[in-house]
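[1] Fold the following and give me the result.
(chains A and B)
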Amino acid sequence: MSAAGANRIAGAGRLTPANTVRFTFDGRDYTGLEGDTLASALIANDVHLVGRSFKYHRPRGIQTAGPEEPSALVGIRRDAARHVPNIRATVQEIHDGLAAVSQNRWPSLAFDIGAVNDIGSPLFSAGVYYKTFMWPKAAWKHVYEPVIRNAAGLGVAPDQPDPDRYASRYVHCDVLVIGGGVAGLAAALSAAESGAQVILCDENANMGGALRFEGEAKLDGLEGYEWAQQAVDRLSVMDNVRVLQRTTAFGYYAQNFVGLVERVTDHLPAPDPDTPRERLWQVRAKRVIIAAGAIERHMVFANNDRPGIMLASAARMYLNHYGVAVGRKVGVYTANDSAYAAAIDLKKAGVDIPAIVDLRTDPDSGLVEEAKGLGIRVLTGHAVTGAGGKLRVASMTVEPANGGSKAEIIPVDAIVMSAGWTPSVHMYSQSRGKVVWNEESQRFLPGEYPQDAVSVGACNGTDGLQASVTEALAAGETAAKETCPKAKKSGVKITVDGEGKWAGNMVGAGPGAGAGKVMKAFVDFQNDVTAKDIRLAVQEGMHSIEHVKRFTTNGMATDQGKLSNLHGLAIAAEALGRPIPKVGLTTFRPPYTPTTFGAIVGHARGKLFDPTRKTPMHVAEEAAGAVFEDVGQWKRAWYYPRAGEDMHAAVNRECRTVREVAGMFDATTLGKIEVVGPDAAQFLDLLYTNPFMKLGVGKLRYGIMCREDGFIYDDGVVARVAEDRFHVTTTTGGAPRVLHHMEDYLQTEFPHLKVWLTSTSEQWAVIAVQGPKAREIIEPFVEGIDLSNETFPHMSYAEGKVCGVPARVFRMSFTGEAGYEINVPADFGRQVWDAIYERGAPMGMCLYGTETMHVLRAEKGYIIVGQDTDGTVTPHDAGLSWAVGKKKTDFVGIRGLNRPDLTAPGRRQLVGLKVKDGKTVLEEGAQIVANHNQSPPMNIIGWVSSSYWSENCGHPIAMALVEDGFNLMGKTLYVPMPDRVIEVEVRDTVFFDKEGGWIHG
Amino acid sequence: MADMQFSRELPLAGMMHGGPGVSISAAPEANRINLRAGDDALAGLSKGLGITLPKKPKTSASNGSRHALWIGPDEWLVIDEEGDPAADCAKVKAAHSAVDVSHRNTAILVSGPFAADVINAGCPQDLSLEIFPVGACSRTVFGKIEVVLYRTAEDAFRVECWRSFSDYAFEFLKDAARGA
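    Below you'll find the predicted structure:
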């Protein structure tokens, strides 16, 4: 017995016996060899039972040797945070210290309580969830769903953040070859030698595809696998080739955009922390050569899921690549030639083969003779109708395929099977290609190509090694010539000297698993779908394969029916009495195999999840103790608490200070757009509701921008810098969309206007100084502008210098105070801010944040677009009719504003609310009713849009959109809250300085 | 107060990162304009700027310290670490829009044999030398932000972005350089 497992065959396989690897499975120590997958290492140690099934909790083993594995799903654990569920044991390579655990079993893998589902299985047939747990309604949420969710589901998700890092890379190439089997390698060699830029990817640890197990194949005089490795070596050193191993093409998107995920470190015992665990490659290929091969199908017979039953090709792979026999007494059940090779290889390795059971009456005589020559009993025209044993297969029941004589029970400890090979058309289908049924070979093959792609080899239905190589070489050279201008003849020649036999094919349930039989003959192992379930779906009226799929969940598990789709379809077609192509095949969708969120997220985690935007003054605000709030991606100073102050106290102080002395505010995040050109005024006149033609140079105007439908889109202050130049401001959140809105209209509606738009949002740092002492504070810093009220009144604009740097100064106010907004080039912002603060602070000026800004503007009834408007508010509804140019004949929204429903009475209009108790601050968003005694559902006539405590007024203030609000002045309305009803009185929106004198200083 | 002498505080001032095969650093300060103009103004603007404005997508033209990058059918980004392109445009009579964006943008220099690979972590453009040769430029995306990418040498790029996105761009490049 080898140290690396009792089933390890001396001299077989390609692994080095000295290179042992220690790992654990369910806490037990095992030894494997470097290069083993978890599956090969477990089988070497005679472990076949690795998990419990999803629905019936049936014991399950390893059924394949590749990514198509439906059953052998385990959890892999590196440390507390690195626990990955549902890893296919057939894909995971072992390394020292690897810890694997079985899933979906309790208390142990061998004794699992959930297995009662298997006994009670008539209750769990197809469609059970749709039919059983419907009543009473409340029970679903509180009883059925929690119980089902606990019992079902595979694996346990980690509860800690993923400590690994993931990388991403965009890459372009002439030719992307998906699959590194013989066809893929030949195509890649041919394209690469022709001079094309080539990417070759293969999902396995070793390239070669079927050459890894098919010993008969000889290429260029070499054993197939050896040839493949030499081909990989040759490609790897070429400058125009990128070879990606352990890399799965998981998604084929529009315009030959293909997603690959490379597993970089999962097979390493101690990965370098700088190395990403996985790397996402987003490839844009001029041509895609799909060389995805074919996947063997299982046979559908009773208890075909017992551990120890697997695909014939998998058994060959375990023997010829890993040097592992899957059993000591292996039965063979086939409808295909290739299983003979498995039997012959195993027999030659010293494994007992009690019988080859061939469903066909007249298989290839050469193969039969060869098997018989080795002393193997061959039963043609026979079927395996059942498997004995529970935690491990113990026997197979063999009967003549057409029934008749008595069944024979043959003891075995493994069964290998083959129903034939399904071409892997997943990538082709994902590229939006429609597969076509080939009646003669009973398989779906690629039809027309909607994208620039071609399939070669087994996935294209090309049988035989010679034919595949010839096809692939031609495809590679053609691809190079058609995508790469300087391509030449490839000159690659490959001689084929020997090949395996792959003929034979059956789809659907085998004999003994036909209609009317009570048994579990599995079609889909991962979702526990049996042949009977599919017939039941048809009986229940599901006539489309899409409905059968959803009713039974056939093909809906993480393996996406790689083994089961065709069998399921054939059984449904038989039950429906219709030919297979009439029933149809479901569409393949990405991802081809499960793909981690990490790979898709890539670098976009933590700090890089989303940009955090900070203004130039951020550091100074931070030092001044600001609390920041997120406004989109921006960090904005919210309020500046002093020692002992909570938010409420800080905001009250800031509000008072601005009105009594002065305050300074960072308004940098406002959107800014420079509108330049001889037609700039005309353009703005069309974009805003206000008139702009006559705005003088050096003047400001508040403007409202509507959409075509007449609803308010944005607002802001516009400065006329020169005859042909305007400085437009937008809301913080509106900056990008307003620019796009303007550019859209400029290019589509007003292309005749000579005007250009440039975003200057980040060119300027904006420092607002507001309050009675604002001018006194800034005056000493300002050069070239006479700030006196007479020459620089409210709504004026001038250029000059502030603190010696060029500045654009706006005399404007969003507080109702006399104030200035100083724009300086952003790289000077912090220094100008500090200079003004150093002078202003001793004079009593404070810094104020967005909360105080909100309160002060609400005291004046100034709206915030997006807070006091919701996309259904016109300028008239907002009480801003004065801002709509009466004499204007055109502007964006003018026709919308004249629509009957926008001019009809009873629209919601913006009004002020006085809270009658004088102290309750209403909740923003609270609903308003006229009759609070009405029982629910009440007639809602409006909602509160803005609401604050106003320290300056000494009472709460609020604005609301209320039906016919302008006509309800002085009326009492009600705001029903969960615990009480609040009485309010409708009033105008200006709560402070009604005469508006303060703003002029 | 006229004695104040402020100098520019660049958002990434002094930032530098050396990784295996790639180095990432903040570019020195520069003057920039965003230039928009129709065909009728190109001759005058080219003369004023001392540079023939390129008309082909993804191309640039340089004269000494001044570089004009084509970024749209009627749009150029002009970068100059010494002279003032805005002042030069101001003398041109033909209608155009020259807007000072010196402080709106900042730049990151990425160089080394892995420079293109590191940028391709977040930028979907084909950066092979055949498709994106020295002097090529493009307004494109990098991760979640917009950048203007300019190849200054076979293994060197200038990444221009708006100043508040520069921290994100720098951190992304650093992350991509890890284990590149």
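
[2] Near residue 37, how many other residues are there?
    You didn't pick a chain, so chain A it is. A:Thr37 has 28 neighbours, counted by other C-beta atoms under 10 Å in any protein chain shown. C-beta: built from backbone N, CA, C; applies to glycine.

[3] Hmm, no, I was thinking of chain B.
    Using other C-beta under 10 Å, B:Ala37 has 23 other residues around it.

[4] Where do the strands of the stretch 351-500 of chain A begin and end?
    Along the stretch 351-500 of chain A, the segments classed as strands by DSSP state E, counting those that start in this stretch run A:356-358, A:378-380, A:382-388, A:395-400, A:408-411, A:414-418, A:421-423, A:436-438, A:443-445, A:453-455, A:496-498.

[5] quick one: low-confidence parts of the chain?
    I went with chain A, as the question did not name one. The model of chain A has pLDDT under 70 over residues A:1-2, A:116, A:119-154.

[6] that's the wrong chain, I meant chain B
    B:1-3.

[7] can you do 90?
    For chain B, the stretches with pLDDT under 90 are B:1-5, B:19-20, B:179-180.

[8] Okay, and the beta partners of the residue positioned nearest the centre of it?
    Closest residue to the average C-alpha location of chain B: B:Glu160 at 4.2 Å, with C-alpha atoms, centre = their mean. In this entry, B:Glu160 is beta-bridged to B:Ala107, B:Val148, by DSSP bridges.

[9] if I look at it, how far off is B:Asn34?
    Per C-beta to C-beta, to the nearest Å, B:Glu160 is found 11 Å from B:Asn34.

[10] what is in contact with those two at once?
    Residues touching both B:Glu160 and B:Asn34 comprise B:Leu77, with contact defined as C-beta atoms under 8 Å, 6 or more residues apart in numbering or on different chains.

[11] Before we go further, A:Ala835 is sitting in a helix, right?
    Yes. Looking at A:Ala835 with DSSP: H, G, I helix; E, B strand; the rest coil, it is inside a helix.

[12] what's the burial count for it?
    The number of residues packed near A:Ala835 is 21, by other C-beta under 10 Å.

[13] And for it, nearest residue in space, chain neighbours not counted?
    Leaving out its chain neighbours, the residue that sits closest to A:Ala835 by C-beta to C-beta, 6 or more residues apart in numbering or on different chains is A:Cys803, at 5.2 Å.

[14] wait, is A:Phe814 part of a strand?
    No. Counting by three-state DSSP, A:Phe814 falls outside a strand, being coil.

[15] Tell me the secondary structure of the nearest residue to it once chain neighbours are set aside, please.
    What sits nearest to A:Phe814 in space, not counting adjacent residues and going by C-beta to C-beta, 6+ apart, is A:Arg857, at 5.2 Å. Judged by three-state DSSP, the three-state class of A:Arg857 is helix.

[16] so what are the domain limits for chain B?
    Listed by automatic domain parsing, the domain ranges of chain B are B:18-28+B:104-177, B:31-100.

[17] Most tightly packed of these?
    domain B:18-28+B:104-177 (a mean of 20; mean count of other C-beta atoms under 10 Å in any protein chain shown).

[18] Any idea how far apart the tips of that one sit?
    Counting by C-alpha to C-alpha, to the nearest Å, you get 9 Å between the two ends of domain B:18-28+B:104-177.

[19] related to what we said a few turns ago, tell me who's in contact with the residue nearest to A:Phe814.
    A:Arg857 makes contact with A:Phe814, A:Thr815, A:Gly816, A:Ile864, according to C-beta under 8 Å, 6+ apart.

[20] returning to that earlier point: could you export the domains of chain B to TSV, including columns for distance to A:Lys434?
    TSV is the format used below for these (distance: least, C-beta to C-beta, whole Å):
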stretch	distance to A:Lys434
domain B:18-28+B:104-177	29
domain B:31-100	36
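
[21] rewinding a little: count of neighbours near the residue nearest to A:Ala835?
    For A:Cys803, the count of nearby residues is 24 (other C-beta under 10 Å).

[22] That one: what's it in contact with?
    Neighbouring residues of A:Cys803 by C-beta under 8 Å, 6+ apart: A:Phe781, A:Val824, A:Phe828, A:Gln831, A:Val832, A:Ala835, A:Ile836, B:Met1, B:Met4, B:Phe6.

[23] Just the buried ones from those, in PyMOL syntax?
    Here is the PyMOL command that selects the buried residues among the contacts of A:Cys803 (16 or more other C-beta atoms under 10 Å in any protein chain shown):
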select buried, (chain A and resi 781+824+828+831+832+835+836) or (chain B and resi 6)
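
[24] Restricted to helices, list the contacts of A:Cys803.
    Counting by DSSP state H, the part of the contacts of A:Cys803 found in helices is A:Gln831, A:Val832, A:Ala835, A:Ile836.

[25] ok, these vs A:Gly918, which is closest?
    Nearest to A:Gly918 among the ones in helices among the contacts of A:Cys803, counting by C-beta to C-beta, is A:Ile836 at 37.6 Å.

[26] tell me the helices in chain B, going along the chain?
    So, for chain B - with DSSP H - the helices run B:39-49, B:85-90, B:115-119, B:166-177.

[27] Which residues does the last one contact?
    So that's helix B:166-177. A:165, A:167, A:603, A:607-608, A:611-612, A:614, B:11-12, B:15, B:17, B:19-22, B:24, B:26, B:106, B:108, B:110, B:114, B:118-119, B:121-122, B:142-145, B:147, B:159, B:161.

[28] what about that helix, distance to the chain center?
    Once both centres are worked out by C-alpha atoms, centre = their mean, to the nearest Å, helix B:166-177 turns out to sit 16 Å from its chain's centre.

[29] The spatially most central residue of chain A in helix, strand or coil?
    Closest residue to the average C-alpha location of chain A: A:Ile600 at 6.4 Å, with C-alpha atoms, centre = their mean. Using three-state DSSP, the structure places A:Ile600 in helix.

[30] so what's it up against?
    For A:Ile600, the contacting residues are A:Leu280, by C-beta under 8 Å, 6+ apart.

[31] Distance check, it against B:Ile119.
    Shown here: A:Ile600 relative to B:Ile119, a distance of 20 Å by C-beta to C-beta.

[32] cool, A:Ala818 as well?
    According to C-beta to C-beta, A:Ala818 and B:Ile119 sit 50 Å apart.

[33] hmm, back to that, save the contacts of A:Cys803 as a markdown table, and put in distance to A:Asn256 too.
    Below are the contacts of A:Cys803 laid out as a markdown table (distance: C-beta to C-beta, whole Å):
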| residue | distance to A:Asn256 |
| --- | --- |
| A:Phe781 | 59 |
| A:Val824 | 49 |
| A:Phe828 | 49 |
| A:Gln831 | 52 |
| A:Val832 | 52 |
| A:Ala835 | 57 |
| A:Ile836 | 57 |
| B:Met1 | 63 |
| B:Met4 | 58 |
| B:Phe6 | 52 |
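
[34] from the contacts of A:Cys803, which is closest to B:Phe132?
    B:Phe132 lies nearest to A:Phe828 out of the contacts of A:Cys803, by C-beta to C-beta, at 35.1 Å.

[35] my guess is the closest one contacts A:Ala765, does it?
    Yes. Between A:Phe828 and A:Ala765 there is a contact under C-beta atoms under 8 Å: 7.0 Å.
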